[in-house]
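A.B. asks: Would you be able to build a 3D model of this:
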Amino acid sequence: MINLSFIEDQKQAAEKLREMLALYEKERGRKFSVSEYTSADAFLSAYRGGCDVLIADIELLGTDGMTAMRRVRARDSEVIIIFITGIARLAAYGYAVGALDYLLKPVQKVPFFAAMDNAMRLLERRRRVRISVNTAEGEVCLDSSEIAYVEVFGHFLVYHTGGENVTEWATLGKPERALAGCGFVRCSKSYLVNLRYVENVSDGEVQVAGDRLRIGRTRYKAFMAALGEYLGG
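C.D. replies: Reported below is the predicted structural model:
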């Protein structure tokens, strides 16, 4: 079940959103738990996190949609934001809050489906799994979201996490298979990178959680394509 909220203060526009969501569920085989709000203030008062996709009109009475999304971003970096607007030039401001897409009113099926397809792909890439790591001290379970990258170090693997790094005797193929579909991509024969932790790429290197890793020449094109797809939806 995908948790989706939308904020729309115009009755006709809200009805159109319900219609589009029902059609998307039917044609794409998805299932949403939908929460509706007629003002940003009502949403902000009720929101406690846990929303997967948030669709918000920019032009709202009271607190406008852009201001509301800045407040949401301050406490929720993961929620996928899609803006709706009747004024195309306002959509450019969506980059300030990392909006995935924007839709022009009146909302039409083709752009709505395209935006939702991108959101679904992004959710799938964020899928989390638990991976078992066999250390010298015993088995340790790591959440995929905690792993910034996996490094080959001699005959060992080092799992770089936000806390203490974890080491096991194995090949990189093991975590690569276990973490498939969770946004991990090899940047070289020595590194398996969690794309959510990528900070920048320059001079043939990728910065991941503060560490600079060399991108292999033969893997550069595929790695950049995967990163572009991840960031761009």
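A.B. asks: The closest residue to Val129 other than its chain neighbours: what's it in contact with?
C.D. replies: Excluding the flanking residues, the one nearest Val129 by CB to CB, 6 or more residues apart in numbering is Ser144, at 5.0 Å. No exception for glycine: its C-beta is placed from N, CA and C like everyone else's. By CB atoms under 8 Å, 6 or more residues apart in numbering, the residues touching Ser144 are Arg127, Arg128, Val129, Arg130, Ile131, Leu179, Cys182, Phe184, Asn194.
A.B. asks: buried ones in the worst-scoring helix or strand of the chain on mean pLDDT?
C.D. replies: For the chain, counting by mean pLDDT, DSSP states H and E, helix 220-232 ranks last in confidence among helices and strands (a mean of 85). If you call a residue buried by 16 or more other CB atoms under 10 Å, then helix 220-232 has these buried ones: Phe223, Ala226, Leu227, Tyr230.
A.B. asks: care to break the chain down by domain?
C.D. replies: 2-125, 130-232 (automatic domain parsing).
A.B. asks: where's the longest one relative to the chain centroid, distance-wise?
C.D. replies: For domain 2-125, the distance between its averaged C-alpha position and the chain's averaged C-alpha position is 14 Å (CA atoms, centre = their mean, to the nearest Å).
A.B. asks: end-to-end on that domain?
C.D. replies: For domain 2-125, the first-to-last residue distance is 14 Å (CA to CA, to the nearest Å).
A.B. asks: any idea how far the residue nearest the centre of the chain lies from Tyr230?
C.D. replies: Centroid-nearest residue in the chain: Leu122, 5.0 Å away (criterion: CA atoms, centre = their mean). Leu122 sits 8 Å away from Tyr230, going by CB to CB, to the nearest Å.
A.B. asks: again, but for Gln10
C.D. replies: Plainly put, Gln10 is 34 Å away from Tyr230 if you go by CB to CB.
A.B. asks: what does the model give the residue nearest to Val129 for pLDDT?
C.D. replies: On pLDDT, Ser144 comes in at 91.
A.B. asks: which regions of the chain sit below the pLDDT cut-off?
C.D. replies: 90-96, 232-233 (pLDDT under 70).
A.B. asks: Tell me what Leu192 is bridged to.
C.D. replies: Bridge pairing for Leu192 (DSSP bridges) gives the partners Val150, Arg186.
A.B. asks: contacting residues for it?
C.D. replies: Tyr149, Val150, Leu172, Pro175, Glu176, Leu179, Phe184, Val185, Arg186.
A.B. asks: For PyMOL, write the selection for the buried entries among those residues.
C.D. replies: Selecting only the buried entries of those in PyMOL, with 16+ other CB under 10 Å as the criterion:
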select buried, resi 149+150+172+175+179+184+185+186
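A.B. asks: returning to what we had before: the buried residues of helix 220-232 into CSV, with extra columns for distance to Ser39?
C.D. replies: Listed next are these as CSV, based on distance: CB to CB, whole Å:
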residue, distance to Ser39
Phe223, 43
Ala226, 39
Leu227, 37
Tyr230, 33
